[in-house]
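Novice: generate a structure from the sequence data that follows.
(one chain, ligands or ions: 1)
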Amino acid sequence: MDFRHWAHKAADWSADYLDKVRSLPVRAQTKPGSIHAALPTSPPEVSEPMEAIFADLDSLILPGMTHWQHPRFFAYFPANSSPPSVVAEYVTAAMAAQCMLWQTSPAATELEARMIDWLRQMVGLPDSFTGVIQDSATSATFAAVLTAREKVLGFTGNTAGLASQPQLRVYASAQTHSSVDKAVRMSGIGGDNLVKVATSGSPDYAMDVAALEAAIVADKAAGMLPAAVIACLGGTSIGACDNVAGIVDVARRHGLYVHVDAAWAGAAMICPEFRDLMRGVEGADSFVFNPHKWLFTNFDCTAHFVRDPASLTATLGLKPPFLRTLGQGEGAIPGVTDYNEWSVPLGRRFRALKLWFVIRSYGVEALRTKIRQHVAWSQELAAELAADPEFELVTRPVLSLFTFRAVPLVLRGAPSATINAFNEALVKAINDDGRIYVTQTVHEGQFVIRFQVGQTETTRDDVMTAGSVVRELAKKLAAKETAA
Ligand SMILES: *Cc1c(COP(=O)(O)O)cnc(C)c1O
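Specialist: Presented below is the predicted three-dimensional model:
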């Protein structure tokens, strides 16, 4: 293969793709199984021309993609990217370095140390935090739960196992992400020992701090060993935000580790006016957010901040003889570390480069402007829907995320199952239509539509168009309902 030729072709393909993505249906409109069925059942024994491979990319793959970089992608959460990030990913792929030790790529390690400190300053964490770039928030939260487990066991869990230890307990509200459940399972603590603490309900859905303390006290009295609290800053379902200061206060009194999961919302902390949401964070032990969600940086790129890196590396660090770097003093020189000791996998991609490209290419103020616009447009649409008699705002906007449902006049007073079914049909109609893409959640028994703004190229017009599409399709559906 002529690398230079096809590398240019890939660059052109990418630029063309981003030029036309706005005209494509946001969610793939494919029949399940059709792409699988169209692919050869066995691999080719002999070389195929790149022309044929690229042709199949266009005819087979592209129509089956859901376009996360579509400006009218309002589903799930953003996983935004940006031109400088894509370019950096491209050269990262060309170098294809393993960045597990300082020695295996000094520049990758030293840039990572700098970038994590740039991010720390950008989101307003004190300089008592340092950190590492992980592959996902799931990995960071897993590392946090393991560290909490080892801390409370005096670092004996890794060696002696958990069988002869008192029963460990972890606390989180029901609004936290399923990655917390997964971390508690994988840590050997066991899912039954993840205590789902009640929330205070509307409008914050924050963990009830008094209930947290009561649960810890009761568990201690029962001979169990409380280890950690996972606070949620911008829960995935409706954006619930815990009272971090209140949680830290309880945890401190009882000797628990506090991890803050701000995977999505953390990026917005680059705007000082939103930092009220994380009040008290300086007392937490670790904090995670994903630049690969809302900070214009390709997946994967998770910023994992810790106050005491020694407890993290004592938990995850292993140094077999073949990984030893000869003649290098441990931790003495700034930026010189072996980051594999900070994470679950040994192998590590060079993830800092894309952050460096993004932050330098935009400058922090332009990144703040984008996030402020997303928040403002989302809140503008939320207010518009709240004022419409055929819609209800179910949960208020948290940054750029809110939930709503349609309550057409013809269904006034209908049983809640009927209204739920109507909204389920509405989500399906919206996504089959293809102009916008939204997803749903169930909140207090109601089927609700989630709406978040966060794609890099989204404009105010895109957000307002989403409002008209939703109203138009809800009307159509309600007319069917009347005819039925
Ligand atoms: C997206 C999300 C996660 C999971 O992030 P990954 O990086 O995909 O593991 C965890 N917690 C919250 C609050 C999220 O929004």
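Novice: from memory residue 245 sits against residue 277, does it?
Specialist: No - checked against CB atoms under 8 Å, the pair residue 245 and residue 277 is beyond contact range at 11.1 Å. Just so you know, the C-beta spots here come from the backbone N, C-alpha and C atoms, and that holds for glycine as well.
Novice: and those two? which has more neighbours close in?
Specialist: residue 277 (20 against 16; other CB atoms under 10 Å).
Novice: show me the contacts for the more buried one.
Specialist: Residues in contact with residue 277 (CB atoms under 8 Å, 6 or more residues apart in numbering) are 233-234, 241, 265, 268-269, 398-399.
Novice: please repeat the previous calculation with a cut-off of 7 Å.
Specialist: 233, 241, 265 (CB atoms under 7 Å, 6 or more residues apart in numbering).
Novice: now residue 189, what's its secondary structure?
Specialist: coil (DSSP: H, G, I helix; E, B strand; the rest coil).
Novice: measure it to the ligand for me?
Specialist: 18 Å (CB to the nearest ligand atom, to the nearest Å).
Novice: nearest residue to that residue other than its sequence neighbours?
Specialist: Taking CB to CB, 6 or more residues apart in numbering, and ignoring the residues beside it in sequence, residue 189 has residue 168 as its nearest neighbour in space, at 4.6 Å.
Novice: tell me what the one you found is bridged to.
Specialist: residue 225 (DSSP bridges).
Novice: tell me the contacts of it?
Specialist: Residue 168 touches 149, 152, 189, 193, 225, 227, counting by CB under 7 Å, 6+ apart.
Novice: the strands in the protein, which residues?
Specialist: Assigned by DSSP state E, the chain shows strands spanning 130-134, 168-173, 194-197, 225-232, 257-261, 286-289, 302-306, 391-398, 401-406, 439-443, 446-452.
Novice: the fourth one - contacts with which helices or strands?
Specialist: Packed against strand 225-232, as judged by 3 or more CB pairs under 7 Å, 6 or more residues apart in numbering; DSSP states H and E, are the following elements: helix 137-152, strand 168-173, helix 209-221, helix 244-254, strand 257-261.
Novice: give me the angle between the longest one and strand 168-173.
Specialist: If you take axes from the mean of the first three to the mean of the last three CA atoms, to 10 degrees, helix 137-152 sits at 140 degrees to strand 168-173.
Novice: does any bit of helix 137-152 sit next to the ligand?
Specialist: Yes - judged by CB under 6 Å from any ligand atom, helix 137-152 comes into contact with the ligand at 137-138.
Novice: got it, and the last one?
Specialist: Yes - for strand 257-261, a contact with the ligand is found by CB under 6 Å from any ligand atom, at residue 261.
Novice: and that strand, which strands flank it?
Specialist: When DSSP bridges is applied, strand 257-261 pairs with strand 225-232 (parallel), strand 286-289 (parallel).
Novice: single out the most deeply packed of the ones you listed.
Specialist: strand 286-289 (a mean of 29; mean count of other CB atoms under 10 Å).
Novice: say whether the ligand is contacted by it.
Specialist: No - under the criterion of CB under 6 Å from any ligand atom, the ligand is not reached by strand 286-289; the shortest gap measures 7.8 Å.
Novice: contacts for that strand?
Specialist: 123, 125, 129, 137, 140-141, 144, 259-263, 266-267, 281, 302-306.
Novice: rewinding a little: highest mean neighbour count out of the strands of the chain?
Specialist: strand 286-289 (a mean of 29).
Novice: could the helices and strands packed on strand 225-232 go into TSV alongside mean pLDDT and distance to residue 351?
Specialist: Formatted as TSV, those follow (pLDDT from 0 to 100; distance: least, CB to CB, whole Å):
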stretch	mean pLDDT	distance to residue 351
helix 137-152	98	12
strand 168-173	98	27
helix 209-221	98	34
helix 244-254	98	26
strand 257-261	98	19
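Novice: quick one on the thing from earlier: which among the strands of the chain is found nearest to residue 380?
Specialist: Proximity to residue 380 (CB to CB) singles out strand 391-398 among the strands of the chain, at 9.7 Å.
Novice: name the strands paired with that closest one and say parallel or antiparallel.
Specialist: strand 401-406 (antiparallel).
Novice: show me what residue of the stretch 251-400 of the chain gets nearest to the ligand.
Specialist: Closest residue of the stretch 251-400 of the chain to the ligand, CB to the nearest ligand atom: residue 263 (3.3 Å).
Novice: could you list the low-pLDDT ranges of the stretch 351-484 of the chain?
Specialist: Confidence mapping of the stretch 351-484 of the chain against pLDDT under 70 gives the ranges 484.
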